[in-house]
Every structure is written in structure tokens, then in C-alpha cells.
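K.L.:
Got a predicted structure plus its sequence, pasted below:
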Amino acid sequence: MRVLGIETSCDETGVAIVDTSPWEAGEPAGKGLLGQALYSQIAMHVDYGGVVPELASRDHIKRVIPLINQTLKESKSTLKEIDAIAYTQGPGLAGALLVGASVAKGLALALNKPVLGIHHLEGHLLSPLLASNANIQFPFVALLVSGGHTQLMEVTGVGEYAILGETLDDAAGEAFDKTAKLLGLSYPGGPAVSALAKLGTSGTYQFPRPMKHSGDLDFSFAGLKTSVLTQVKKNTQNGPLNSIDKAQIARGFVDAIIEVLVSKSISALKKSSMKTLVVAGGVGANEQLREALEVACQKEGIAVHYPPLHLCTDNGAMIAFAGAMRLKKNPQLASKDWGFDVRPRWPLDQLS
């Protein structure tokens, strides 16, 4: 099964070819990733402090065909050797999604190949299985944590997902970006806040741990963001924030959000009686989160897995791989329906 994957849900144009011919549930992922190409639009959006949907869509149009050609060359593949095409159907920015969908459907029509729309979060959720040393068995608990989503999922198989808890307001990555803006850091804010936090001292500023003791597995980060705003206003009454204050506030924020994520993850594992945690999404690359989860999971006898760092952000490999896994499980999903549609809003638990 050689699958071409196309990801255009937001501000990264990703293309990849994955070969999973010997893959079965619980076994290594075959030949795995044969080639991939990725273009990030961060430099284009940085002046706006966030993604501008119209600019994102136009840039996807410009990049996607050259990236497909680059990926074919890297993987030493031809279009005729592709068995199926997978694309991100949702969730995401409608215009950006339509670019990937139209290209995927057009290629599938021209080549008379099956095509499959993939849920963006399912791609993230399954991406750790692409790691060369992955030995992940179903079932497991997944922590999906990114700029747009923060969820705990019970995963019993490919396509078998149940939401255990999710954010009631801001996602963790969104809270990172908003805190970065309050501290005068550049977009995207997550890596900048984490780097700055390394220079601070724990305990200098104590921010709330929202819903840590709520008894459920839901999250809420809007209050944490407000607490950071209040502290910033207090510290700027007599002038701009100095570098020390910025580092101390960043450290307090990171400590708070990481503590909540780790606590809820361990609670989810205990409630579901599972011993495997899979972490995916852009915030899954966060160094402080990984360190804290390693310590907590080792204490509880839990195995924790992450995707390779280059697969934490949006990419084509996760879409190609999710498509291959779904087609392996159910070949009838292969469609030659050339009409295309996208689903900008698409809860993962509604995935059929």
C-alpha cells in the first residue's frame, strides 16, 4: 500500500508518500515514510500575529504541486506507483482545505486511483506509529494537544475513538500563543514561551491550575490566560516588562499548564485502566511537557510515546499514514468519487 498524503488544513503545506505494505495492527509500519516535503507559512503570517486564511489558501495553491513533485523525486516513486491518495478533509480553514481536496481529487481522477478524506486529528493521533522504534499496541489513551485542540481520547483501534475529556475554551497551544503575545514575543508563541521559561525560576509567580481537581477529564485554559494578563498589567504599572519579569512569568505559565496536562493524562489512564499513553499534536514537541510526562509515567509504570519531532506539527506523512491504515482495515473506504467537499468543523468522535 503506497499512499500519497496531502495536508493543507492551516498554514503548512505538507506532502508525503508512505509505504505500509506489510503493516497490520500492532506490527511495525512496513517501509514507512519514503519521502516528504513541507512548507511552512510562518514567515508570511508573523506580521499579523496569526494565520490569515485568505493568504494561507493562496500560498497552498502556489506550493502544493511543486511539493508533490519534490516528494515523488525523494521517494523515487512515480504517480503510477501510487495506490491511493489521502487528503485532509477537516477540520481546518475552509479555503485551505479546499486546495488539498481539489488537488487530491483531480490527481485521483486523472490516475483513476482511489481517494480518501482524512480527519486531521486522526492523522496526529496515529503519527507516533510512524516512529522507527514504535511498538504501540491498541488500546491506549491519546493526549492530542495543539494550537486548536486539547483532548484526551480512548483509542481501541483504527477509527475507534472515544473522547474522555476536552478543553471547554482555549486549547493549550492557543494559550501559549496568547501568553507569548502578552509577553511581547513573536508568532508562533509556543516555542518562544517554552525557551524563555527555561530562564525563569519555578514558584516566582504562582498561576492557577484550572480544573486540575475538577474530578473529570476536561480542560480550561482561559482563566490561566487571564491570570497571566493580570500579572503582566501589574508588572507594567511603572514601565515595560524587563527580561527577568518575562522569564519568570513564562516559567509560571508553563509550570501551570504542564501540571494540568500531566495530571489529567494520568487520571485518564487510571480511569481507563490502560498502561500506554500516546502524545500527539504540535504541543507534543514541548520539551517541558515531555520531561514531566516521562517522570509521571515512569512513576506509574506507564509507557509513553511521541511522534518524531518533525512529525509533531502538521505534515503530509501523518495524512498518508492514516489513509493507509484506514484502507488496510477497510478496503471498501477506497472511493472513486471525484466530487470534493471539506469539513472545517468535524469533531473526532463523529468520525465514521
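P.N.:
Nice, thanks for sending it over. Source: prediction; values computed, not measured.

K.L.:
Just give the closest residue to the residue most central in space within the chain, not the sequence neighbours.
P.N.:
Centroid-nearest residue in the chain: Gly281, 2.4 Å away (criterion: Cα atoms, centre = their mean). The shortest distance from Gly281 to any non-neighbouring residue, by Cβ to Cβ, 6 or more residues apart in numbering, is to Ser146 (3.5 Å). C-beta: built from backbone N, CA, C; applies to glycine.

K.L.:
Distance check, the one you found against Trp346.
P.N.:
Using Cβ to Cβ, to the nearest Å, Ser146 is found at 15 Å from Trp346.

K.L.:
cool, and Val232?
P.N.:
Val232 is 35 Å from Trp346, by Cβ to Cβ.

K.L.:
hmm, what's the outermost residue in this structure?
P.N.:
Centroid-distance maximum for the chain: Asn238 at 39.7 Å, with Cα atoms, centre = their mean.

K.L.:
Enumerate every residue touching that one.
P.N.:
Neighbour list for Asn238: empty [criterion: Cβ atoms under 8 Å, 6 or more residues apart in numbering].

K.L.:
Tell me how far the helix or strand in which Ala56 is found lies from the chain's centre.
P.N.:
Assigned by DSSP states H and E, Ala56 belongs to helix 53-74. Computed by Cα atoms, centre = their mean, to the nearest Å, the chain-centroid distance of helix 53-74 equals 20 Å.

K.L.:
where along the protein do the helices fall?
P.N.:
Taking DSSP state H as the criterion, the chain carries its helices at 42-45, 53-74, 94-111, 120-126, 172-182, 189-197, 222-235, 243-272, 287-300, 316-329.

K.L.:
Could you say which one of these comes nearest to Asp83?
P.N.:
Checking the helices of the chain against Asp83 by Cβ to Cβ gives helix 316-329 as the closest, at 8.2 Å.

K.L.:
and the closest one, what other elements does it pack with?
P.N.:
Helix 316-329 sits against strand 2-7, strand 12-19, strand 32-40, strand 84-90, strand 115-119, helix 120-126, with contacts defined as 3 or more Cβ pairs under 8 Å, 6 or more residues apart in numbering; DSSP states H and E.

K.L.:
helices or strands up against the fourth one?
P.N.:
Applying 3+ Cβ pairs under 8 Å, 6+ apart, one finds that strand 84-90 contacts strand 2-7, helix 94-111, strand 115-119, helix 120-126, helix 316-329.

K.L.:
ditto for the third one
P.N.:
Applying 3+ Cβ pairs under 8 Å, 6+ apart, we find strand 32-40 packed against strand 12-19, helix 53-74, helix 316-329.

K.L.:
Mean pLDDT, mean neighbour count and distance to Tyr205 added to these, as TSV?
P.N.:
As requested, these are exported to TSV (pLDDT from 0 to 100; neighbours: other Cβ atoms under 10 Å; distance: least, Cβ to Cβ, whole Å):
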stretch	mean pLDDT	mean neighbour count	distance to Tyr205
strand 12-19	97	28	33
helix 53-74	98	18	35
helix 316-329	94	28	36
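
K.L.:
between these, which gets nearest to Gln137?
P.N.:
With Cβ to Cβ, the closest approach to Gln137 among those belongs to helix 316-329: 14.3 Å.

K.L.:
follow-up on the earlier one: export the helices and strands packed on strand 32-40 to a markdown table and append columns for distance to Lys270.
P.N.:
As requested, those are arranged in a markdown table below (distance: least, Cβ to Cβ, whole Å):
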| stretch | distance to Lys270 |
| --- | --- |
| strand 12-19 | 34 |
| helix 53-74 | 40 |
| helix 316-329 | 28 |
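
K.L.:
Please report the distance of the closest residue to Thr8 other than its chain neighbours from Cys297.
P.N.:
Excluding the flanking residues, the one nearest Thr8 by Cβ to Cβ, 6+ apart is Gly100, at 3.5 Å. The spacing between Gly100 and Cys297, counted by Cβ to Cβ, is 35 Å.

K.L.:
Please apply the same query to Pro344.
P.N.:
34 Å.

K.L.:
More neighbours: which of those two?
P.N.:
Shown here are Pro344 and Cys297; by other Cβ atoms under 10 Å, Cys297 has more neighbours (21 against 15).

K.L.:
Kindly state the pLDDT recorded for that one?
P.N.:
With respect to pLDDT, Cys297 scores 97.

K.L.:
ditto for Glu174
P.N.:
92.

K.L.:
Quick one: neighbours of it, just the number.
P.N.:
Using other Cβ under 10 Å, Glu174 has 23 neighbouring residues.

K.L.:
Excluding covalently adjacent residues, which one is nearest to it?
P.N.:
Distances taken as Cβ to Cβ, 6+ apart place Gly147 nearest to Glu174, at 5.7 Å, with adjacent residues excluded.

K.L.:
go on, Gly173?
P.N.:
Nearest to Gly173 is Gly147, by Cβ to Cβ, 6+ apart, at 3.3 Å.

K.L.:
now do Asp349
P.N.:
Distances taken as Cβ to Cβ, 6+ apart place Ile163 nearest to Asp349, at 4.8 Å, with adjacent residues excluded.
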